[in-house]
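Engineer: Starting from these lines, generate the structure:
(one chain, ligands or ions: 1)
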Amino acid sequence: MFLLFASFSWSQTFAQSHQIVNQDSIAHKMQWFADAKLGIFIHWGIYSVKGVGESWSFHNKQISYKDYMAQLKGFTAANYHPQQWADLIKESGARYAVITTKHHDGVALWNSKCGGINVVKNTPAHRDVLAPLFSALRKDSIKCGAYFSLIDWSYPDYPAFLKDSNRYEIRNDPARWEKFLDYYQCQLKEVLNNYNPDLIWFDGDWEHSAKEWQAAKVRKMILDHNPNTIINGRLAGYGDYDTPEQNFPVTRPNLRWWELCMTVNDNWGWQPQDTNWKTPYQIIRIFADCISMGGNLLLDIGPKGDGTITPQDIHVLKELGKWTHKNSKAIYGTLAGLPEGHFYGPSTLSKDSTTLYLFLPGKGNEQEVIKGLDNKIKSITVVGNGMQLHYDIVGKISWSPVPGLVYIKVPANVQDEYMTVLAVKLDGKLKLYRGQGGLK
Ligand code: JFZ
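Structural biologist: Numbers count the residues shown, from 1 in each chain. From the prediction side, this is the model:
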């Protein structure tokens with residue numbers, strides 16, 4: 001299944017598929033998202049009880065549907081402290097969070113009146129676990145995102161169930177599909193009315209077409225409820241931004257808004273056998289690469305069924321937080337940085353384009369180089385430390401329009417534990433020389 005996804009190209013956004021060249025109406029509501037840079041994704045559901053693959057484990061017959069659903073009985077949320085979750089998310093430096101309100105297994109984390117299975121009616125948790133999280137996040141000024149799976153393999157009127165066994169085909173029974181549409185749109189309305197999310201993160205659109213999902217109607221329904229709601233790219237061409245999943249782009253995507261979603265280990269939900277944790281440095285470096293290329297990072301954690309967040313997730317979020325807080329001015333509200341070739345590392349640009357932030361892969365060294373910088377430099381300082389650094393202009397030919405190379409010395413005593421960041425103050429807006437040097 002996943003091999004198949006690997007060849008997916010990014011789905012188009014609403015603006016692209018409708019050839020909206022002037023995206024300014026969308027730009028207004030996208031501003032907080034563009035400035036936020038970091039979000040935390042939370043995969044939490046009954047799959048977190050035994051720690052099996054979220055929904056896919058029964059769909060792909062790795063576990064029987066009965067055994068999968070037996071996890072309902074174990075979903076206690078006994079150690080669930082939403083304010084602690086929110087505070088940890090805040091501490092990481094994330095400015096938004098997205099939680100699975102319902103995954104493909106169809107188990108809603110709120111008390112849905114539209115039908116289906118939910119943790120209030122069907123688990124010992126016996127309560128809406130979303131409401132207290134959204135209010136804790138809002139207390140911490142974190143924007144709230146609701147992940148919502150279009151697919152619902154448990155619902156009797158949904159065509160697909162287990163791998164290779166459809167309940168029916170839509171063309172043979174359109175009335176039955178209508179029933180499903182009513183159900184999922186009823187649930188979506190509940191999510192909008194209950195929590196007024198700042199962002200809806202759809203998933204699973206690949207099982208049906210935009211027409212079948214009624215994507216245009218659903219987009220309108222969301223925006224009629226709140227025109228500022230951001231919609232991710234998985235609404236069959238009716239979203240606002242793109243989501244390359246787990247796969248890091250190598251060259252800068254030609255997209256106005258995008259978000260990489262990525263797990264801390266190899267799985268979305270908690271799975272005890274998965275100990276392939278990324279290190280804080282690896283995550284910081286991936287994050288810096290994202291913002292350098294104009295994107296966001298949505299970093300996923302998987303709390304256990306009882307609501308505890310693993311020590312490994314906590315460690316990564318806290319270490320990430322130390323770094324994001326120290327380097328905040330190089331991160332939030334910035335623009336994508338230098339195009340390839342000018343600097344061997346990620347970079348960002350202040351909104352007014354007069355300060356360039358350089359992220360030094362590793363900790364930095366004695367010989368950092370910027371090429372083709374056609375500005376005078378006012379100062380170079382270490383972000384979060386303030387020390388002014390010495391630099392040399394090397395190889396400037398007096399009569400040539402080609403700028404010299406900027407050599408910067410980063411002494412060991414100002415190096416960050418993970419990734420040192422420099423602020424290069426320019427004499428005006430960034431100007432780059434993009435030519436081929438002295439070649440004719
Ligand atoms: C989906 C879910 O199936 C998965 O369980 C998880 O919730 C993740 C965040 O999203 O998985 C996908 C979705 C899209 C692609 C691959 C896996 N894709 O476009 O390559």
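Engineer: Quick one: neighbours of L255, just the number.
Structural biologist: When neighbours are counted by other C-beta atoms under 10 Å, L255 registers 18. Placement of C-beta: from N, CA and C, glycine included.
Engineer: which residue sits closest to it in space, ignoring its chain neighbours?
Structural biologist: D242 (5.4 Å; C-beta to C-beta, 6 or more residues apart in numbering).
Engineer: Roughly how far does that neighbour sit from Q31?
Structural biologist: Computed with C-beta to C-beta, to the nearest Å, the distance linking D242 and Q31 is 17 Å.
Engineer: Looking at these two, which has the bigger crowd around it?
Structural biologist: Legend: neighbour count by other C-beta under 10 Å for D242 and Q31, higher for D242 (23 against 10).
Engineer: so that one touches C261, yeah?
Structural biologist: No: shown here, D242 and C261 do not form a contact pair, counting by C-beta atoms under 8 Å, at 10.8 Å.
Engineer: Mind jotting down where the helices sit in the stretch 301-440 of the chain?
Structural biologist: Applying DSSP state H, counting those that start in this stretch to the stretch 301-440 of the chain gives helices spanning 311-326, 328-331.
Engineer: Now do the strands in the stretch 301-440 of the chain.
Structural biologist: Here the stretch 301-440 of the chain has its strands, by DSSP state E, counting those that start in this stretch, at 335-336, 347-349, 355-359, 368-370, 377-382, 391-394, 405-408, 421-426.
Engineer: Which among these is found nearest to the ligand?
Structural biologist: strand 335-336 (22.8 Å; C-beta to the nearest ligand atom).
Engineer: The closest one pairs with which strands?
Structural biologist: Strand pairing for strand 335-336, determined by DSSP bridges: strand 347-349 (antiparallel).
Engineer: distance between the strand it pairs with and the chain's centre?
Structural biologist: 19 Å (C-alpha atoms, centre = their mean, to the nearest Å).
Engineer: Name the residues that touch that strand?
Structural biologist: Residues from elsewhere that reach strand 347-349, judged by C-beta atoms under 8 Å, 6 or more residues apart in numbering: 291-292, 330-331, 334-338, 355-359, 430.
Engineer: Next one: the residue nearest to G362 when sequence neighbours are not counted from D266, what distance?
Structural biologist: In space, and not counting its chain neighbours, G362 is closest to M419: 7.3 Å by C-beta to C-beta, 6+ apart. Distance, M419 to D266, by C-beta to C-beta: 23 Å.
Engineer: got it, and P82?
Structural biologist: P82 sits 26 Å away from D266 when distances are taken as C-beta to C-beta.
Engineer: One more: G345?
Structural biologist: G345 is 26 Å from D266, by C-beta to C-beta.
Engineer: More neighbours: which of those two?
Structural biologist: Taking neighbours as other C-beta under 10 Å, G345 and D266 compare with G345 leading, 20 against 13.
Engineer: separation between the residue nearest to Y195 when sequence neighbours are not counted and L199?
Structural biologist: Residue nearest to Y195 in three dimensions, not counting chain neighbours: F134, with 4.9 Å by C-beta to C-beta, 6+ apart. According to C-beta to C-beta, F134 stands 12 Å off from L199.
Engineer: residues touching the residue in the stretch 251-400 of the chain positioned nearest to the ligand, list them.
Structural biologist: Residue nearest to the ligand within the stretch 251-400 of the chain: W268 (4.6 Å; C-beta to the nearest ligand atom). Residues counted as contacts of W268 (C-beta under 8 Å, 6+ apart) are F41, H43, E54, D300, G302.
Engineer: where does it land in three-state SS?
Structural biologist: Here W268 is recorded as coil under DSSP: H, G, I helix; E, B strand; the rest coil.
Engineer: distance of K217 from N194?
Structural biologist: The gap separating K217 from N194 is 20 Å, by C-beta to C-beta.
Engineer: Thanks a lot, catch you later.
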